[in-house]
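Visitor: Return a 3D structure for these sequence lines:
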Amino acid sequence: MELQLAKKVVVITGPAKGMGPAITRAFADEGSRLVLAGRDMAAIEALALELRGSRAETMSIRCDVTQPADAEALAAATLECFGQIDVLVNVAGGTGPVGGTTWTTTTEEFEQIVELNLTGCFNMMHAVMPSMIERRYGKIVNVGGTFGMRGRSGRMAYSASKWGLRGVTKSAALEAGRHNINVNYVAPGMVDGERFRTKVVPDVMRRLSLSEDEAVAHHAQDYALQRISSDADVANACLFLASDVSRQITGVDLPVDGGWAML
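Guide: The predicted structure is shown next:
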């Protein structure tokens, strides 16, 4: 299936951390022109150098998504460089406090993660949508999480930020649809990566006296497909929703979790 993402101008926030590199490389493999935006410029430049080595056209820019002025400057710089913005993929985000409760989470902890995971996405959408409306074309993919679909004890602040992002996504989809702009939400579950291997798996090993392979298998039992998602699974979902193959899909929550959120 041809996704027709070659030469599309794709803005990706948080491209160099967590699932960001896999998503970024997936768009590079499709021949997209990439704008890599975030705060850790050393990590972003290292990724950009790798991509340029494979002849991907990239631009890197420092952007704190929680700052509206940074988001607006990013949009302006992209338009100056490439003349258009076809796709926005909001990957930048954080985990927030882990293990606390509603009554032990501080106001500062709550506000910080909501500002990053929710307000940051709003700031980026606010910055890029006017040019999309003018061209009557745009794709926005907000990367959330399944804890924003089922909730999770000990992750109240994070869940709140991702539940809120779902509301922003759905409202924006209703508002922007008449301008030929699709807005969707990708919800990764647990992804087999650094955090899973260094935090989740060791915790299961200690609690249940299991080997690493046994701990992974035990965790996978929570999912209908009996396997842990990879960052490539998440990247492929982003590609699909950023392409015209999904032109009639907007305002949806797409869990990429092996069947956890629906159980």
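Visitor: just the strands in the stretch 151-263 of the chain please.
Guide: 181-188, 253-256 (DSSP state E, counting those that start in this stretch).
Visitor: Residue 112 is nearest to which of those strands?
Guide: Closest to residue 112 of those is strand 181-188 (C-beta to C-beta; 21.0 Å). Yep, even glycine has a C-beta here, placed from its N, CA and C like the rest.
Visitor: Paired strands for that closest one, with orientation please.
Guide: Counting by DSSP bridges, the strands paired with strand 181-188 are strand 138-143 (parallel), strand 253-256 (parallel).
Visitor: Deepest-packed of these, please.
Guide: Of those, the one with the most neighbours on average (mean count of other C-beta atoms under 10 Å) is strand 138-143, at a mean of 27.
Visitor: Next SSE downstream of it?
Guide: For strand 138-143, the following helix or strand on the C-terminal side (DSSP states H and E) is helix 147-150.
Visitor: who does that next one touch, helix- and strand-wise?
Guide: If contacts are counted by 3 or more C-beta pairs under 8 Å, 6 or more residues apart in numbering; DSSP states H and E, helix 147-150 sits against helix 156-176.
Visitor: quick one: contacts of the helix it packs on?
Guide: By C-beta atoms under 8 Å, 6 or more residues apart in numbering, the surrounding residues in contact with helix 156-176 are 93, 95-97, 100-102, 105, 109-110, 113-114, 116-118, 121-122, 125, 129, 132-133, 138, 140, 142, 144-145, 147-149, 151-152, 182-185, 187, 250-251, 253.
Visitor: Alpha carbons of that helix, as PDB, please.
Guide: Extracted as PDB, the C-alpha positions of helix 156-176 are listed here (Å, rounded to 0.1, in the frame of the first residue of the first chain):
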ATOM      1  CA  MET A 156      -3.500   9.800  38.200                       C
ATOM      2  CA  ALA A 157      -1.800  12.900  36.900                       C
ATOM      3  CA  TYR A 158      -0.500  11.200  33.800                       C
ATOM      4  CA  SER A 159      -3.900   9.700  33.100                       C
ATOM      5  CA  ALA A 160      -5.600  13.100  33.500                       C
ATOM      6  CA  SER A 161      -3.200  14.600  31.000                       C
ATOM      7  CA  LYS A 162      -3.900  11.900  28.400                       C
ATOM      8  CA  TRP A 163      -7.700  11.800  29.000                       C
ATOM      9  CA  GLY A 164      -7.600  15.600  28.400                       C
ATOM     10  CA  LEU A 165      -5.600  15.100  25.200                       C
ATOM     11  CA  ARG A 166      -8.300  12.800  23.900                       C
ATOM     12  CA  GLY A 167     -10.900  15.600  24.400                       C
ATOM     13  CA  VAL A 168      -8.700  18.100  22.700                       C
ATOM     14  CA  THR A 169      -8.300  15.700  19.800                       C
ATOM     15  CA  LYS A 170     -12.000  15.000  19.300                       C
ATOM     16  CA  SER A 171     -13.000  18.700  19.600                       C
ATOM     17  CA  ALA A 172     -10.300  19.800  17.200                       C
ATOM     18  CA  ALA A 173     -11.400  17.100  14.700                       C
ATOM     19  CA  LEU A 174     -14.900  18.400  14.800                       C
ATOM     20  CA  GLU A 175     -13.800  21.900  14.300                       C
ATOM     21  CA  ALA A 176     -11.200  21.300  11.600                       C
END
